[in-house]
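Trainee: Starting from these lines, generate the structure:
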Amino acid sequence: MSTANTQNNVSGARRWKPYPVYKDSGIEWLGQIPAHWEAIPVKRLARIVNGATPRSSEADFWEGEIAWATPDDLGQLRTRFLKDTARHITKEGYASCGTTLVPPGSLVLSTRAPIGHLAVASREVCMNQGCRGLVLEKHDSSGYRYFSLLAARLILQSLGEGSTFRELPRDTLANVVLPNPSLQERSGIAGYLDRETAKIDALVDKKARLIELLQEKRTALITHAVTEGLDPNVPLKDSGIEWLGEIPAHWEIVPLKWLAHCYSGNAIDANYVEASLHQYTQVRVIGGNGLMGYTSKANVARPVLAIGRVGALCGNVHRVDPPAWVTDNALILEVDTQTFAYSYLQAILLSRNLNDLAAKTAQPLITGTQVRDQRLPCPPMREQQAIATFLDRETAKIDALLAKIQEAIKLLKEYRTALISAAVTGKIDVRGQPGEAYS
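Mentor: Got it, this is the predicted structure:
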């Protein structure tokens, strides 16, 4: 979907009109604003409330009924409203840390890395020291203030200070200048953006669901091909392996340990890894989750599979052609190529979902022994190659569709951001749009 089509589908085919007269706001990021608007600092728009944390060692301070917001609470929201928090504190905990509850309708902003997560409180809430509350005037439009701070996010992030972690100081936040139309106009812009962003979000959700369906189709296609082959009429037999089920009657089941070596890759100093190709660093560095960068030396001189061995995504399987360096976050699997084609073996191991073998601890881990203990279907080599060719062709079609949908989602999100910025800074005049309460 092109940008133009995306915008037309969301808002109809129309050209946005500017306001009749503009003036210089005197603020670089705002630029020109409508002549009848003001540009004023946050400290004139809201009362700023700092956050704080009760002592973690005091059990009586925790698991109460008072909502206690952190940057993580704000970062995980799919809506602008903060309805609850992951943790709560007691009245004693609240009294001990000297923070202040902010009322419903206040803005809660993360001011310690990551800076710029934002929500409108749906209930009374206090915050930790990574957040600050902005208590608005009783009749102010929290919607407009929310969208204007979204538009200013990059400015807020650029004003962060500190080397260990970046923080937006209270006084710096207080002096950030935001646009300030009339209350009636603020409410109208917020209502307009509510409707338009809801349309965009609905389109993004539909496309995200389509991605899920395509990924499920891709997985099912691979699983069917590597476990049942390409001939729908071939007789089947029970493999005797629970995860595998029935396989073609002429296929064998072989223990991988008879045919393969599996061992850990080697650590590499980050100073020797470049993010992109250079004249002297053209060897791919492969970790448990795939390509990590490029270096100058290799520890792999023949085709192998790299299998993620540690972390939540352990069990990922990557085909690695030499020269390459496989790190110690991955296992290296070398196999008898007279029995298994690497492309087929990669696909069958992906279908096996090696992550299921991982120890369910804080740091999941799989071992080379667990990989080599697998018993796998082994079609004739010609059939393995045919399956690999089929999967290359068919998964390439799905991957191309996925890429188009992901690009469309990217464009929708870019359009959403641009629309919010244009509306709250007055670059477009949304007065008189259908349903607006002002003209």
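
Trainee: and stretch 320-327, how far apart are its ends?
Mentor: Using CA to CA, to the nearest Å, the end-to-end distance of stretch 320-327 comes to 12 Å.

Trainee: Contacts for it next, please.
Mentor: Contact partners of stretch 320-327, identified using CB atoms under 8 Å, 6 or more residues apart in numbering, comprise 265-268, 283-288, 292, 295, 297-306, 332. C-beta: built from backbone N, CA, C; applies to glycine.

Trainee: could you measure residue 296 against residue 360, distance?
Mentor: For residue 296, the distance to residue 360 equals 38 Å [CB to CB, to the nearest Å].

Trainee: Have a look at those two and say which one is more surrounded.
Mentor: More crowded of residue 296 and residue 360, by other CB atoms under 10 Å: residue 296, with 15 against 7.

Trainee: Please name the residues that touch that one.
Mentor: Counting by CB under 8 Å, 6+ apart, residue 296 has contacts 272, 280, 281, 282, 283.

Trainee: tell me the mean pLDDT for stretch 209-223?
Mentor: Regarding stretch 209-223, the rounded mean pLDDT is 97.

Trainee: And that stretch, what's buried?
Mentor: For stretch 209-223, a neighbour-count test (16 or more other CB atoms under 10 Å) marks 218, 222, 223 as buried.

Trainee: Give the closest residue to the last one in space, chain neighbours not counted.
Mentor: It refers to residue 223. Excluding its sequence neighbours, the residue lying closest to residue 223 (CB to CB, 6 or more residues apart in numbering) is residue 351, at 4.5 Å.

Trainee: Check the first one too.
Mentor: Among residues not flanking residue 218 along the chain, residue 398 sits closest, at 4.8 Å (CB to CB, 6+ apart).

Trainee: Please tell me how far the one you found sits from residue 203.
Mentor: Distance, residue 398 to residue 203, by CB to CB: 21 Å.

Trainee: and if you look at residue 66?
Mentor: In this structure, residue 66 and residue 203 are 38 Å apart, going by CB to CB.

Trainee: before we move on, what about residue 225?
Mentor: Residue 225 is 33 Å from residue 203, by CB to CB.

Trainee: Any regions of the protein where pLDDT drops low?
Mentor: For the chain, the stretches flagged by pLDDT under 70 are 1-15, 433-439.

Trainee: Determine the longest strand present in it.
Mentor: The longest strand of the chain (DSSP state E) is strand 62-69.

Trainee: Tell me which residues of the helix or strand that that strand is followed by come out buried.
Mentor: The helix or strand immediately downstream of strand 62-69 is helix 71-75, counting by DSSP states H and E. Using 16+ other CB under 10 Å as the test for burial, helix 71-75 gives 71, 73, 74.

Trainee: Just give me the closest of the residues you listed to residue 88.
Mentor: residue 73 (11.2 Å; CB to CB).

Trainee: Tell me if I'm right that that closest one and residue 81 touch.
Mentor: No - counting by CB atoms under 8 Å, residue 73 stays clear of residue 81, with 11.7 Å between them.

Trainee: joint contacts of the two?
Mentor: residue 119.

Trainee: And this protein, what are its domain boundaries?
Mentor: Using automatic domain parsing, the domains assigned to the chain come out as 38-179, 214-383.

Trainee: Format those domains as a markdown table; extra columns: distance to residue 30.
Mentor: Formatted as a markdown table, the domains of the chain follow (distance: least, CB to CB, whole Å):
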| stretch | distance to residue 30 |
| --- | --- |
| domain 38-179 | 6 |
| domain 214-383 | 35 |
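
Trainee: Quick one: closest of these to residue 413.
Mentor: Nearest of the domains of the chain to residue 413, taken as CB to CB: domain 38-179 at 12.3 Å.

Trainee: re earlier: right, and out of the buried residues of helix 71-75, which lies closest to residue 89?
Mentor: residue 73 (13.2 Å).

Trainee: burial of the closest residue to that closest one other than its chain neighbours, as a residue count?
Mentor: Take residue 73 and drop its neighbours on the chain: the residue closest to it by CB to CB, 6+ apart is residue 85, 4.9 Å away. Using other CB under 10 Å, residue 85 has 22 neighbouring residues.

Trainee: For residue 85, which three-state class applies?
Mentor: The local conformation at residue 85, judged by DSSP: H, G, I helix; E, B strand; the rest coil, is coil.

Trainee: Kindly list the longest helix within this structure.
Mentor: Longest helix in the chain, counting residues (DSSP state H): helix 183-228.

Trainee: name the helices or strands packed onto the helix or strand that comes right after it?
Mentor: As assigned by DSSP H and E, the chain's next helix or strand after helix 183-228 is strand 236-238. Counting contacts by 3 or more CB pairs under 8 Å, 6 or more residues apart in numbering; DSSP states H and E, strand 236-238 packs against strand 246-248.

Trainee: Could you list every helix and strand that the helix or strand following the strand it packs on packs against?
Mentor: Once strand 246-248 ends, the next helix or strand along the chain (criterion: DSSP H and E) is strand 252-255. Applying 3+ CB pairs under 8 Å, 6+ apart, one finds that strand 252-255 contacts strand 375-378.

Trainee: rewinding a little: list the contacts of the longest strand of the chain.
Mentor: Here strand 62-69 has contacts from 51, 54, 56, 82, 84-85, 87-94, 101, 108, 119, 121, 123-128, 131, using CB under 8 Å, 6+ apart.

Trainee: Now do the strands in the stretch 251-400 of the chain.
Mentor: With DSSP state E, counting those that start in this stretch, the ranges of strands along the stretch 251-400 of the chain come out as 252-255, 260-264, 283-287, 290-295, 304-308, 317-320, 324-326, 330-335, 375-378.

Trainee: These: which one's closest to residue 406?
Mentor: Across those, the minimum distance to residue 406, taken as CB to CB, is reached by strand 290-295, at 16.9 Å.

Trainee: what does the closest one rub up against?
Mentor: For strand 290-295, using CB under 8 Å, 6+ apart, the contacting residues are 268, 272-278, 281-286, 316, 318, 325, 327.
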